[in-house]
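S.K.: Next come a sequence and a model predicted from it.
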Amino acid sequence: MEKAISITENPFAKTNGRGKDVKETAVVGLTQTAVVLIIAILVIILGIIIYQGRTKFSWEFISSFPTDGMTQGGIFPALIGTFILVIVMSIAAVPFGTITAIYLTEYAHENSKFAAAVRFSIRTLAVVPSIIFGLFGLGFFIQFVGTGMDSAFNDGQLRWGQPNILWASLTMALLTLPVIIVSVEEALKTIPRELREASLALGATKWQTIKHVVFPGSISGIMTGTILAVSRGAGEVAPILFTGAAYYLATLPGSLSDQFMNLGYHVYIMSTQSSDVEKTMPIQFATTLVLLILTLSLNLVAVIIRSRIRRKAK
């Protein structure tokens, strides 16, 4: 009987109390230090950008065109170009990514070799450098698809076989596609399998189950993941270097076959190719501030949508 009692004793009962408290305090202190460090870095970055860009940031700066060799004026064309890029990219990436995630989660068998190949492709795309997407967009969309469209529909006249906002948006859509697929797939997996089985047992079809059971329960996660993926794409520069971004344009894009200015690319060229880099420093920081506000606004929209959907669900 004594042996049985000794076997069931708590293995942590003999641990030195003081040593345990020291280790616990050290772990808590280490984690708190890491959190404080991350917050401090974020505050320092935001503080520098806000402080350096405060002199230029104004409504006139946002709503006017660049002037004097882009050493004066505003960023209105770059802001509009970024907005159009995000819209077209979202239209191309979100539906396709959502449909792919639905297939992988709801229709593909667990041992499907095709589904395994798709997941492997998604993981591979997720780690490909963004500059590779830009080169792919140049070779495939512009030189192959665009040139073929000009030959077939424009009698060889150059329109689609050159960098423009459509090819840049599709390239960015490919960049964000793995993030959208993974986020939507994880959101769909949060719905218990029992709810699906109960819906099917009541006579609902597979699609009816997805539409009325799976989607309502996972819509907040789907929206959050897709918006965060789109906000990440809004700040990318490398994929659009070869596919549509322009150094300077005196007019706004009139169609999808036109080039465009972009906030991220605008900062890049002003910091590397400006005639007077020091003179444009306030414009660079103010442009970066606008880009941060844009991306943070998209993140805030994701949080608001998620909270409202969860509130309605309750």
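M.R.: Yep, it's here. Residues are numbered from 1 along each chain as shown.
S.K.: which non-adjacent residue is nearest the most centrally placed residue in the chain?
M.R.: By CA atoms, centre = their mean, the chain has its centre lying nearest to Ala229, at 2.3 Å. Among residues not flanking Ala229 along the chain, Val179 sits closest, at 3.9 Å (CB to CB, 6 or more residues apart in numbering). Any C-beta I mention is one placed from the backbone N, CA and C, and that applies to glycine too.
S.K.: tell me the mean pLDDT for the helix or strand encompassing that neighbour?
M.R.: Using DSSP states H and E, the element containing Val179 is helix 165-189. Mean per-residue pLDDT for helix 165-189: 92.
S.K.: distance between it and the chain's centre?
M.R.: 8 Å (CA atoms, centre = their mean, to the nearest Å).
S.K.: for stretch 189-209, same thing?
M.R.: Distance, centroid of stretch 189-209 to centroid of chain: 30 Å (CA atoms, centre = their mean).
S.K.: Now the terminal residues of that stretch, how far apart.
M.R.: Taking CA to CA, to the nearest Å as the measure, stretch 189-209 stretches 14 Å from start to finish.
S.K.: Please list the outside residues in contact with it.
M.R.: The contact list for stretch 189-209 (CB atoms under 8 Å, 6 or more residues apart in numbering) reads Thr105, Glu106, Tyr107, His212, Val213, Val214, Gly217, Ser218, Gly221.
S.K.: quick one: buried residues of that stretch?
M.R.: The neighbour-count check on stretch 189-209 (16 or more other CB atoms under 10 Å) flags Ile191, Arg196, Ser199, Ala204, Thr209 as buried.
S.K.: wait, which of those residues is closest to Ala238?
M.R.: Nearest to Ala238 out of those is Ile191 (CB to CB; 36.4 Å).
S.K.: Nearest residue to Asp258 in space, please, no chain neighbours.
M.R.: Leaving out its chain neighbours, the residue that sits closest to Asp258 by CB to CB, 6+ apart is Asn164, at 5.8 Å.
S.K.: Cross-check the contact I'm expecting between the one you found and Leu256.
M.R.: Yes - Asn164 is within contact range of Leu256, at 6.4 Å (criterion: CB atoms under 8 Å).
S.K.: Same drill for those two, tell me which one is more crowded.
M.R.: Each of Asn164 and Leu256 has its neighbours counted (other CB atoms under 10 Å); Asn164 has more, 23 against 16.
S.K.: Against Leu249, how distant is that one?
M.R.: Distance of Asn164 to Leu249, computed by CB to CB, to the nearest Å: 12 Å.
S.K.: joint contacts of those two?
M.R.: Shared contacts of Asn164 and Leu249, defined by CB under 8 Å, 6+ apart, are found at Gln259, Phe260.
S.K.: Can you show me the strands along the stretch 1-150 of the chain?
M.R.: Along the stretch 1-150 of the chain, counting by DSSP state E, counting those that start in this stretch, strands occupy 66-67, 72-73.
S.K.: neighbours around the residue nearest to Ile142 when sequence neighbours are not counted, how many?
M.R.: Setting aside the residues directly before and after it, Ile142 is nearest to Trp167 in space (CB to CB, 6+ apart), at 5.5 Å. By other CB under 10 Å, the residues close to Trp167 number 25.
S.K.: Show me what whichever helix in the chain runs longest packs onto, helices and strands only.
M.R.: What stands out as the longest helix in the chain, according to DSSP state H, is helix 17-53. Applying 3 or more CB pairs under 8 Å, 6 or more residues apart in numbering; DSSP states H and E, we find helix 17-53 packed against helix 281-313.
S.K.: counting contacts, what elements does the helix it packs on pack onto?
M.R.: helix 17-53, helix 59-63, helix 76-102, helix 215-234, helix 263-272.
S.K.: Of those helices, which is nearest Leu289?
M.R.: In terms of CB to CB, the element of the helices and strands packed on helix 281-313 nearest to Leu289 is helix 17-53, at 4.4 Å.
S.K.: The closest one versus helix 281-313: what angle between them?
M.R.: Taking axes from the mean of the first three to the mean of the last three CA atoms, to 10 degrees, helix 17-53 and helix 281-313 form an angle of 130 degrees between their directions.
S.K.: Show me what counts as buried in helix 17-53.
M.R.: Neighbour counts over helix 17-53 (16+ other CB under 10 Å) mark Ile49, Gln52, Gly53 as buried.
S.K.: Give me the contact list for stretch 86-97.
M.R.: Around stretch 86-97, the neighbours that count as contacts under CB under 8 Å, 6+ apart are 165-166, 169-170, 172-174, 176-177, 180-181, 184, 226, 229-230, 233-234, 256.
S.K.: ChimeraX command for the buried members of the residues you listed?
M.R.: Command for ChimeraX that selects the buried part of these, burial taken from 16+ other CB under 10 Å:
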select :165,166,169,170,172,173,174,176,177,180,181,184,226,229,230,233,234,256
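S.K.: measure the residue lying closest to Ser257 once chain neighbours are set aside to Gly217 for me?
M.R.: Using CB to CB, 6+ apart and skipping residues adjacent in sequence, the residue nearest Ser257 is Asn164, 4.8 Å away. Using CB to CB, Asn164 is found at 40 Å from Gly217.
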